[in-house]
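# fold the stuff below for me.
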Amino acid sequence: MGFVAEEMNETERLNIQREKVNNMVVVYGKEANMWKGKDKFLTILHRYMDIHGTVYYEAQRPPEVPAFVRNHGLLPQHELQQLLRKAKLFVGFGFPYEGPAPLEAIANGCIFLQPKFHPPRSSLNNEFFRGKPMSREVSSQHPYAEQYIGRPHVITVDYNNSEEVEAVIREVLKAKVEPFLPYEYTCEGMLERVDAYIQHQDFCHLDGPFPSANDSKLWPGNPPSPFVLLPNSTVVVWAPNVTAPACWPPLSALRLLLAREAFSCVKTCQDSGLVCEPAFFNFINNMEAFNGLDVQCEALEAEMNHVFPAVAVERRECFLQKQPLLFSCAGFSTKHRRLCPCRDYLPGQVALCRDCL
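Below is the predicted model:
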């Protein structure tokens with residue numbers, strides 16, 4: 001469902017811009033252990049800017065926080081908001097992941113600086129994600145901010161590259177940035193999203209298997225298929241002359257792509273300006289989807305694997321997903337090319353497609 005950040009009126013926006021301190025930075029790290037190993041980065045930052053922290057401590061200042069950092073301690077929310085309204089820069093240390101604080105900082109006119117993860121963090125290489133039933137890869141502290149907001153409000157850099165860090169700090173000092181809040185994090189945006197979820201989904205009836213025998217008899221083509229290739233494109237869509245089964249998001253939003261080997265559907269859709277839609281997996285888990293993508297299958301099997309449906313890279317063997325609970329946008333394999341159910345989205349409302357309202 002997401003959450004909501006405070007939206008500024010025009011007077012507040014003007015006041016924020018007048019009160020900004022150009023060389024003031026607030027660090028996103030309430031716990032002292034988040035500051036460990038950041039000395040080199042903080043020293044570079046300190047050359048250019050006045051660093052403020054909100055690190056919690058009971059009696060003695062934590063040794064992990066350098067002496068040149070002005071630490072305010074753990075602040076009530078309204079006092080933190082006042083600090084963000086003055087700051088030019090809000091710096092993340094890589095944790096926590098995808099929290100609301102960066103969005104609140106951006107809404108208060110801050111630039112959010114966050115670390116790029118090389119390699120991306122996942123359950124295979126990161127203690128926080130280890131043991132969690134997921135194959136997702138996280139490229140930065142706040143992937144949403146990196147992908148859907150971006151510059152000038154969000155800058156993602158390699159903190160281990162001192163030259164890049166210095167160049168970005170100089171860029172920040174010169175930048176003029178206004179408060180910004182994506183529509184989906186406003187009260188109206190969230191209500192629109194919740195209303196769409198409630199109005200268009202039926203949680204009381206189970207969907208039948210797809211395709212049914214009655215469906216496939218009505219499909220055109222030889223072999224019959226509900227999928228067509230867009231002109232001058234590698235994108236496959238639901239044929240406009242084929243009645244689509246009732247579902248939400250509607251199948252008119254489907255953009256079926258064949259991923260490259262070792263690419264997840266998240267990455268494949270993202271590279272085409274789309275998002276992966278898990279609700280569509282059930283409709284592409286069939287031979288007709290392979291035919292629509294012009295994949296020549298010499299064999300077809302159904303197995304339980306989180307990257308299926310997919311086609312083997314070294315041979316023309318196609319695989320369907322046997323267990324629907326394993327449908328995943330995030331998984332990838334060096335041995336397979338995945339069938340990816342992508343869709344478009346509304347600007348400022350990524351959770352909804354253009355035909356979803």
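
# quick one: contacts for the residue lying closest to Leu320 once chain neighbours are set aside?
Spatial nearest neighbour of Leu320, excluding adjacent residues (CB to CB, 6 or more residues apart in numbering): Ala302 at 4.4 Å. Using the backbone N, CA and C atoms, a C-beta is placed for each residue, glycine as well. Counting by CB atoms under 8 Å, 6 or more residues apart in numbering, Ala302 makes contact with Phe319, Leu320, Gln321, Lys322.

# which residues does the most centrally placed residue in the chain contact?
Against the mean C-alpha coordinate of the chain, by CA atoms, centre = their mean, the closest residue is Tyr144 at 4.1 Å. Shown in contact with Tyr144 (CB under 8 Å, 6+ apart): Glu98, Val350.

# redo that, cut-off 10 Å
Gly2, Glu98, Pro102, Leu103, Val154, Pro182, Glu184, Tyr185, Val350 (CB atoms under 10 Å, 6 or more residues apart in numbering).

# SS state for Pro115?
With DSSP: H, G, I helix; E, B strand; the rest coil as the basis, Pro115 sits in strand.

# right, and it touches Phe41 too?
Yes: using CB atoms under 10 Å, Pro115 makes contact with Phe41 at a distance of 8.7 Å.

# and the two? which has more neighbours close in?
More neighbours surround Pro115 than the other of Pro115 and Phe41, with 20 against 16 (other CB atoms under 10 Å).

# related to what we said a few turns ago, host element of the residue nearest to the centre of the chain?
Element membership for Tyr144 (DSSP states H and E) is helix 143-144.

# check which helices and strands whichever helix or strand comes after that helix sits against.
Heading C-terminal from helix 143-144, the first helix or strand you meet, by DSSP H and E, is strand 154-157. The contact analysis (3 or more CB pairs under 10 Å, 6 or more residues apart in numbering; DSSP states H and E) places strand 154-157 against strand 89-92, helix 101-107, strand 111-121, strand 138-140, helix 162-174.

# those: which one's closest to Gly208?
Among the helices and strands packed on strand 154-157, strand 138-140 comes nearest to Gly208, with 35.8 Å by CB to CB.

# what sits up against that closest one?
By CB under 10 Å, 6+ apart, strand 138-140 touches 92, 94, 97-98, 114-122, 126, 128-129, 146-147, 154, 156-157, 266-267.

# what's the local residue count around Phe180?
Counted by other CB under 10 Å, the residues lying close to Phe180 total 17.

# do the same with the one 10 residues further on
Residues near Met190, counting by other CB under 10 Å, number 19.

# element containing it, please.
Assigned by DSSP H and E, Met190 falls within helix 187-200.

# centre of the chain to that helix, how far?
Counting by CA atoms, centre = their mean, to the nearest Å, helix 187-200 is centred 19 Å from the centre of its parent chain.

# many thanks, have a good one.
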